[in-house]
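Trainee: show me the folded form of this:
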Amino acid sequence: MKASLLKTTEYEALIKAISEQDALRILSGTTYAPLSSSLSTKEFDILTLERALLESYYAVYERVMSFAAGAAKAFLQKAYQRYEFACLKSIIRAFYADVPREEAMIYVTPIGSFDVEVCADLLRKRELREVIEKIRETKLKAKLLESMEKSIRLHSSLPLEYEIDKYCFAILRRFANQLKDWDKQPVKRILGMEIDLTNINNLIRTKSMGLDILTTKSFLIPIRYRLGFEFESSLNMLTALDALRTLATGYYSNPLLDIISTCEREETILPVELALKRHYIKENLKVFGGYPFHVGTLFAYLNLKYYEVGDIRAVIIGKFNRLPPEKIKDLLILYGFS
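Mentor: Residues are numbered from 1 along each chain as shown. As a prediction, this is how the structure comes out:
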């Protein structure tokens, strides 16, 4: 499975491509050859690309599901639904960041019920309530409608993103607990790490907004996996940078120490989220070094392919919009890992 992921050399070739068609030509020599073939014969447009990428990822998902049964299959079905929630969060965040629709589509990965047409329409209308009404889960919908006022008052998507994450992680943990013992441990490790990294990101965002400790705590998932005393100490820090420095003394020192100087120099916390995603990817890759084969392997593979498809979108749309190679490289999650 790991062998099917794009290599660093293939990423580098994509980054150096002179156009979107050149990028598609490069993809023809990879596991994405069918995708490249279906797109290179047509006049390029974003909607066609999005549909092809969606079909490509769904084919991967269907193949992975063929290896699972029972509780493992039920868990992976919920894991797939989680990507819909990630798409929902990206759309809501784009609203509050006031990002133009064309640019926002680089960061939004259409999937499931949030297909490309739905995403493009929601980004065009920019109606928050309409986005929430698209959600099928009645409990989550009710929570988001309740949180709209707080979100508008803070002029931040964080209250809504928090409710989505809390709902999603609660479901995944419940289904993970139903797995057999040899499946449960690796899945809960990946899941626990994702919850930790989400909490770190939320904490840094609240500090950058100047929110008090009680408000900050209200946006944290009440679960800790590897976070310890350093996390509790970081709550008392006055600034995002001070919180980062405190967090960097704990379990997640590696990804955080690498970006503190960048955040200081550029006076922004934007590198934090990308660094945390890349650390999450690194941890997913470690699953493939273990034995025996378990549902954690399938879970990790779906995570990796999801981010890889997102990287391909970023490259091709970036080429279409004539972004410089360095800017495109900064958007990529899996680049440099294989």
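
Trainee: show me the contacts for the residue nearest to Met209 when sequence neighbours are not counted.
Mentor: In this structure, Met209 finds its nearest non-sequential neighbour in Ser156, 6.4 Å apart by C-beta to C-beta, 6 or more residues apart in numbering. Backbone N, C-alpha and C define where each C-beta goes, glycine included. The contact partners of Ser156, by C-beta atoms under 8 Å, 6 or more residues apart in numbering, come to 96, 205, 209.

Trainee: how near is the last one to Pro159?
Mentor: Meaning Met209. Look at Met209 and Pro159: by C-beta to C-beta, to the nearest Å, they are 11 Å apart.

Trainee: please enumerate the helices of the stretch 101-250 of the chain.
Mentor: Under the criterion DSSP state H, counting those that start in this stretch, the stretch 101-250 of the chain contains helices at 101-107, 116-125, 128-133, 138-154, 158-176, 181-208, 213-217, 229-234, 240-247.

Trainee: ok, Met209 and Pro159, which is more surrounded?
Mentor: Between Met209 and Pro159, counted using other C-beta atoms under 10 Å, Pro159 has the larger neighbour count: 22 against 15.

Trainee: residue contacts, that one?
Mentor: With C-beta under 8 Å, 6+ apart, Pro159 has these contacts: 147, 150-151, 219.

Trainee: repeat that for Asp115.
Mentor: 50-51, 54.

Trainee: ok, Pro325 next?
Mentor: By C-beta under 8 Å, 6+ apart, Pro325 lies in contact with 15-16.

Trainee: from here on, count from 15
Mentor: Okay, using 15 as the starting number, the last item reads as Pro339.

Trainee: can you pull the pLDDT of it?
Mentor: Note on Pro339: pLDDT of 96.

Trainee: likewise for the one 3 residues further on?
Mentor: In the prediction, the pLDDT value recorded for Ile342 is 95.

Trainee: out of the contacts of Asp129, which end up buried?
Mentor: Those of those that meet the buried threshold are 64-65, 68, by 16 or more other C-beta atoms under 10 Å.

Trainee: circling back: so which of the helices of the stretch 115-264 of the chain gets nearest Leu318?
Mentor: Closest to Leu318 of those is helix 195-222 (C-beta to C-beta; 11.0 Å).

Trainee: just to revisit the earlier point, show me the contacts of Asp129 that map onto helices.
Mentor: Within the contacts of Asp129, residues falling in helices by DSSP state H are 64-65, 68.

Trainee: for Lys341, which non-adjacent residue is closest in space?
Mentor: Leaving aside its sequence neighbours, Lys341 sits nearest to Gly332 (C-beta to C-beta, 6+ apart; 7.0 Å).

Trainee: nearest to Lys198 among the contacts of Ser170?
Mentor: Using C-beta to C-beta, the contacts of Ser170 come closest to Lys198 at Arg219, 31.1 Å.

Trainee: with adjacent residues omitted, what lies nearest to the closest one?
Mentor: Arg219 sits nearest to Leu172 (C-beta to C-beta, 6+ apart), 5.8 Å away.

Trainee: do I have it right that the one you found meets Ser161?
Mentor: No - between Leu172 and Ser161 there is no contact under C-beta atoms under 8 Å: 9.6 Å.

Trainee: for these two, indicate the residue with more neighbours.
Mentor: For Leu172 versus Ser161, neighbours defined as other C-beta under 10 Å are more numerous around Leu172 (23 against 18).
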